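S.K.: Pasted the sequence and its predicted model underneath.
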Amino acid sequence: MSSASYPVLLTIHLFCALIFVGTVFFEVLVLEGVRKHVPAEAMRAVERGIGRRVRWLMPIVLVTLFSAGFGLAAHYGELLTHPRGNPFAILLMIKIGLALSVFGHFLLASYWRMCEIFTARRSRLLHISVFCHVVLIVLLAKGMFHIQF
């Protein structure tokens with residue numbers, strides 16, 4: 001990868017991360033808080049509308065996010081091959097592992113939807129898990145450049 005493409009990949013990755021993390025935060029922190037103040041039927045209509053939009057948008061965002069992320073990781077290929085003793089590389093590997101877990105959550109949700117076993121309880125648990133993952137990913141993304149051990 002040329003050094004000129006790194007800032008472009010980073011910018012694409014950051015914008016897609018903003019969209020994804022913002023959507024997760026909205027669903028977990030805002031939508032859940034609204035639920036108790038809105039009639040059940042209206043809430044179901046809102047969730048269906050948001051769900052349709054998210055199911056259309058998120059695959060595009062995730063493919064772009066992960067593609068840019070793989071390009072960025074390639075920039076650190078040698079470092080990732082031998083991370084021992086390098087805090088940046090170790091934290092980056094943890095961040096990549098968490099990101100792959102989030103992708104696994106997305107695949108699991110898609111599978112449950114396809115099998116028509118995606119219940120409200122499963123959705124809530126999945127959203128909370130993804131929320132925890134993205135909080136850690138954001139902290140690691142910042143910490144990679146500042147944490148030394």
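M.R.: Nice, thanks for sending it over. Residues are numbered from 1 along each chain as shown.
S.K.: Residue 84: what secondary structure?
M.R.: Classification of residue 84 using DSSP: H, G, I helix; E, B strand; the rest coil returns coil.
S.K.: burial measure for it, as a count.
M.R.: Each residue near residue 84 was counted by other Cβ atoms under 10 Å, and the total is 6. No exception for glycine: its C-beta is placed from N, CA and C like everyone else's.
S.K.: Just the pLDDT for the residue lying farthest from the centre of the chain.
M.R.: Distance from the C-alpha centroid of the chain, by Cα atoms, centre = their mean, peaks at residue 39 (29.9 Å). With respect to pLDDT, residue 39 has a value of 94.
S.K.: go on, residue 1?
M.R.: 63.
S.K.: Okay, residue 115 and residue 63: tell me how far apart.
M.R.: 23 Å (Cβ to Cβ, to the nearest Å).
S.K.: When these two are compared, which one has more neighbours?
M.R.: Higher neighbour count among residue 115 and residue 63: residue 63, with 11 against 8, using other Cβ under 10 Å.
S.K.: Now that one. Its backbone dihedrals?
M.R.: Residue 63 adopts backbone torsions of phi -60, psi -40, taken as degrees, to the nearest 10.
S.K.: Equivalent analysis for residue 83, please.
M.R.: Dihedral angles (degrees, to the nearest 10) for residue 83: phi -80, psi -10.
S.K.: For residue 72, which non-adjacent residue is closest in space?
M.R.: residue 9 (5.3 Å; Cβ to Cβ, 6 or more residues apart in numbering).
S.K.: Surely that neighbour and residue 68 touch.
M.R.: Yes. Assessed by Cβ atoms under 8 Å, residue 9 is found in contact with residue 68 at 4.7 Å.
S.K.: Show me what the worst-scoring helix or strand of the chain on mean pLDDT is packed against.
M.R.: Within the chain, no helix or strand scores below helix 32-35, which has a mean of 88 by mean pLDDT, DSSP states H and E. For helix 32-35, the elements it packs on are helix 40-75, judged by 3 or more Cβ pairs under 8 Å, 6 or more residues apart in numbering; DSSP states H and E.
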